[in-house]
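**Q** A structural model of the following input is requested.
(one chain, ligands or ions: 2)
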Amino acid sequence: MSRLIGQVLDVSRLESGRVEWHESLLDMREVIEDTAASTSQLFRERNVRLDRALPTRVPKVRADLDRIVQVVVNLLSNAVKFIEPGRGRVEIALAEEGGFLRVDVRDNGPGVSSEHQEMIFEKFRQAGDPLTGKAEGTGLGLYISRRIIEHSGGRLWVSSRPGEGACFSFTLPLVSEATLDKAA
Ligand SMILES: Nc1ncnc2c1ncn2[C@@H]1O[C@H](COP(=O)(O)OP(=O)(O)O)[C@@H](O)[C@H]1O
Ligand SMILES: [Mg+2]
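**A** Numbers count the residues shown, from 1 in each chain. Ligands and ions are numbered 1, 2, ... in the order given. Below you'll find the model as predicted:
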């Protein structure tokens, strides 16, 4: 199935509420390690370095593993896609913050201008990159990713200053001790 068709199907399932969510307790450190390993070829091809800043122990979150992997893959592949090959650096960081886990995917690519920072989360919207003209893709990845994260109780946003790269961040709510006790 083509990537476009797959993404269009994802959009229609998400919008009509026909997604089956398979939630479980996730160790986000493990999820990030595994996703980084499975996208390493992409990084090697473009000669982009991927650094990880992951605490050794993080509390669990409850979410759909495949969907969260889909979000992380999308953010990592966007970062490599828009970066200048050879000089690229991407960092993925994980931190606990006020009842949430927060994931930051930071790159040293062209960044996203402030007038495009909301638009890129809309369906089929791409800001394009005047430097590289790279508009290949569907413009659906961030729209889908934001819907997945919001369904999971978190937020997804970008912060960027032109010329200083982009940082895409998302949060996921920590599972309370009480809920964990009940599950045990
Ligand atoms: N890391 C990034 N650096 C610069 N621009 C980005 C980055 N990630 C996303 N964008 C911008 O957001 C647009 C939408 O991204 P996305 O929804 O994933 O669609 P696609 O990757 O198919 O273009 C991209 O076309 C690009 O203009
Ligand atoms: Mg994309």
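
**Q** List phi and psi for whichever residue of the chain sits closest to ligand 2.
**A** Distances between the chain and ligand 2 by C-beta to the ion are smallest at Gly141, namely 3.0 Å. No exception for glycine: its C-beta is placed from N, CA and C like everyone else's. Gly141 adopts backbone torsions of phi -60, psi -50, taken as degrees, to the nearest 10.

**Q** Which SSE is immediately downstream of the longest helix along the chain?
**A** Secondary structure of the chain per DSSP state H: the longest helix is helix 65-82. Toward the C-terminus, helix 65-82 is succeeded by strand 89-97 as the next helix or strand (DSSP states H and E).

**Q** Mind listing the strands that next one pairs with, and their directions?
**A** strand 49-53 (parallel), strand 100-107 (antiparallel) (DSSP bridges).

**Q** would CSV of these with distance to Pro162 be doable?
**A** Formatted as CSV, those follow (distance: least, C-beta to C-beta, whole Å):
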stretch, distance to Pro162
strand 49-53, 22
strand 100-107, 13
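
**Q** most packed of these?
**A** Of all those, strand 100-107 has the most neighbours on average by mean count of other C-beta atoms under 10 Å, namely a mean of 21.

**Q** With ligand 2 in mind, check whether it reaches it.
**A** No - for strand 100-107, no contact with ligand 2 is found by C-beta under 5 Å from the ion; the gap never falls below 11.8 Å.

**Q** just the angle between that strand and helix 65-82, please?
**A** Note on geometry: by axes from the mean of the first three to the mean of the last three C-alpha atoms, to 10 degrees, strand 100-107 and helix 65-82 are set 20 degrees apart in direction.

**Q** Mind exporting the C-alpha coordinates of strand 100-107 to PDB?
**A** These are the backbone C-alpha positions of strand 100-107, laid out as PDB (Å, rounded to 0.1, in the frame of the first residue of the first chain):
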ATOM      1  CA  PHE A 100       3.700  14.300  31.900                       C
ATOM      2  CA  LEU A 101       6.500  12.700  30.000                       C
ATOM      3  CA  ARG A 102       7.900  15.100  27.300                       C
ATOM      4  CA  VAL A 103       9.700  14.100  24.200                       C
ATOM      5  CA  ASP A 104      11.700  16.600  22.200                       C
ATOM      6  CA  VAL A 105      13.000  16.000  18.700                       C
ATOM      7  CA  ARG A 106      15.400  18.800  17.900                       C
ATOM      8  CA  ASP A 107      17.300  19.300  14.600                       C
END
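
**Q** Pull up the residues of the chain that are close to ligand 2.
**A** Residues of the chain lying near ligand 2 (C-beta under 5 Å from the ion): Asn78, Gly141.

**Q** residue boundaries of the helices in the chain?
**A** For the chain, the helices defined by DSSP H cover 3-16, 28-38, 40-45, 65-82, 141-151, 177-183.

**Q** near ligand 1, which residues of this protein show up?
**A** When proximity is defined as C-beta under 6 Å from any ligand atom, the chain approaches ligand 1 at 74, 78-79, 82, 107, 109-110, 112, 120, 126-128, 137-143, 166.
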